[in-house]
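Asker: Predicted coordinates and the sequence they were generated for:
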Amino acid sequence: MRRLLEIRGVFVQSSRGNRLNDINLSISSGERVALVGSNGSGKSSLLAVANGTLIPDSGKVLWQNYPTSNLGQRQRQKIGTLWQDLRLVEELNVAQNINSGALANRNLLWALANLLKPIELNACSECLKKVGLSTSILSAMVSELSGGQRQRVAIARLLRQKPELILADEPLFSLDPILAKEILHLFLDNTMTSDMGEERTLLMSLHQPSFFRHFDRVIALKSGRVVFDQPAECLDEEALALIYGSA
Ligand SMILES: Nc1ncnc2c1ncn2[C@@H]1O[C@H](COP(=O)(O)OP(=O)(O)OP(=O)(O)O)[C@@H](O)[C@H]1O
């Protein structure tokens, strides 16, 4: 397995203490990793450090051995993020939002064309089908979609981006149990296999212990520190008490 992401001795401080406290971990290609911990334990901060949007106060973040801070646009798009608030563009339709996943590989003219007229609809349709949505919604405004449809469109945009590593910040948050399971499986099943046949790598924050066993590995944070980093099958009651207990 190739080592994709490496985080070494990372600290992020805030006025109220350390948001991240001496984080050391690496993620290899094909791994499906659950990032867990109580509210405020540092999961979103860690995902933001991993995608380069939060610069640590000290320590190193490396993508395939290169500091993430030095990555060019094309390299950077190999890390795809599904933010908790999805960050869809409400004023654009479904196809335009999905196409925005491909922006890093295109020029300004292409970006303008995407704003002005329907383009590359076949590629958009392929991504929509992979997330179980009808292509009849390609021209619908995202503001008209249900919460579950919006979630799927955001995942379709990620598929259009073709990242090697997917960082997902609580994508199951606020979904009913049935929909949460469906969305989880969208991430875990074959839709996440890259065009080169290589399995995509996934680091997903989530709160539902019943889903942890679907991952290869569980990393748990508590007060900004890693307190558990083991295969999912090692997560027993004692470990859960350590992660979520007050001690
Ligand atoms: N922009 C910020 N500036 C300063 N402190 C922040 C900022 N964002 C988050 N924090 C603090 O950092 C700590 C970790 O927050 P973070 O959002 O990373 O945790 P989390 O595990 O993702 O929480 P949740 O499960 O509630 O989403 C918290 O104490 C939070 O108040």
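Answerer: Yep, that arrived.

Asker: The closest residue to V142 other than its chain neighbours: neighbour count?
Answerer: Excluding its sequence neighbours, the residue lying closest to V142 (C-beta to C-beta, 6 or more residues apart in numbering) is L88, at 4.7 Å. (Each C-beta comes from the backbone N, C-alpha and C, glycine too.) By the criterion of other C-beta atoms under 10 Å, L88 has 21 neighbours.

Asker: what comes up buried for stretch 213-221?
Answerer: 214-215, 217-221 (16 or more other C-beta atoms under 10 Å).

Asker: Could you tell me the average pLDDT over stretch 88-98, please?
Answerer: Averaged across stretch 88-98, the pLDDT comes to 95.

Asker: rewinding a little: would you double-check that the residue nearest to V142 falls in a strand?
Answerer: No: with DSSP: H, G, I helix; E, B strand; the rest coil as the criterion, L88 is coil rather than part of a strand.

Asker: Could you number the chain from 38 rather than 1 from now on?
Answerer: From this message on, residue numbering opens at 38, which makes the last subject L125.

Asker: from what I can see it touches V190, true?
Answerer: Yes: taking C-beta atoms under 8 Å as the definition, L125 is a contact partner of V190 at 6.5 Å.

Asker: What segments of the protein are helices?
Answerer: Listed in chain order, the helices of the chain (DSSP state H) span 80-87, 110-113, 131-136, 145-153, 158-167, 184-198, 214-225, 274-281.

Asker: The ligand: which of these is closest?
Answerer: Closest to the ligand of the helices of the chain is helix 80-87 (C-beta to the nearest ligand atom; 3.3 Å).

Asker: Summarise which helices and strands the closest one is packed against.
Answerer: For helix 80-87, the elements it packs on are strand 40-51, strand 54-65, strand 69-73, strand 202-206, strand 238-242, judged by 3 or more C-beta pairs under 8 Å, 6 or more residues apart in numbering; DSSP states H and E.

Asker: picking that back up, which of the helices of the chain is buried the deepest?
Answerer: Mean neighbour count (mean count of other C-beta atoms under 10 Å) peaks for helix 131-136 among the helices of the chain, with a mean of 26.

Asker: which other helices and strands contact that helix?
Answerer: helix 145-153, helix 158-167, helix 184-198.

Asker: Export the ones you listed as CSV, with columns for mean pLDDT.
Answerer: Shown next, in CSV, are the helices and strands packed on helix 131-136 (pLDDT from 0 to 100):
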stretch, mean pLDDT
helix 145-153, 87
helix 158-167, 92
helix 184-198, 91
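
Asker: Could you dump those into a markdown table with distance to N88 added?
Answerer: Listed next are these as a markdown table, based on distance: least, C-beta to C-beta, whole Å:
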| stretch | distance to N88 |
| --- | --- |
| helix 145-153 | 21 |
| helix 158-167 | 20 |
| helix 184-198 | 12 |
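
Asker: one step back: any chance of the helices and strands packed on helix 80-87 in TSV, plus mean neighbour count?
Answerer: Formatted as TSV, those follow (neighbours: other C-beta atoms under 10 Å):
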stretch	mean neighbour count
strand 40-51	17
strand 54-65	18
strand 69-73	24
strand 202-206	23
strand 238-242	25
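
Asker: Any idea which helix or strand in the protein has the lowest mean pLDDT?
Answerer: Taking mean pLDDT, DSSP states H and E as the measure, the chain has helix 110-113 as its least confident helix or strand, at a mean of 85.

Asker: ok, residues contacting it?
Answerer: For helix 110-113, the external contacting residues (C-beta atoms under 8 Å, 6 or more residues apart in numbering) are 89, 100, 103, 105, 141-142.

Asker: go on, stretch 191-202?
Answerer: 41-42, 64, 66, 87, 114-117, 119, 123-125, 134-139, 141, 160-161, 164-165, 167-168, 170, 203, 208, 220, 223-224, 228, 231-232, 235, 237-240.
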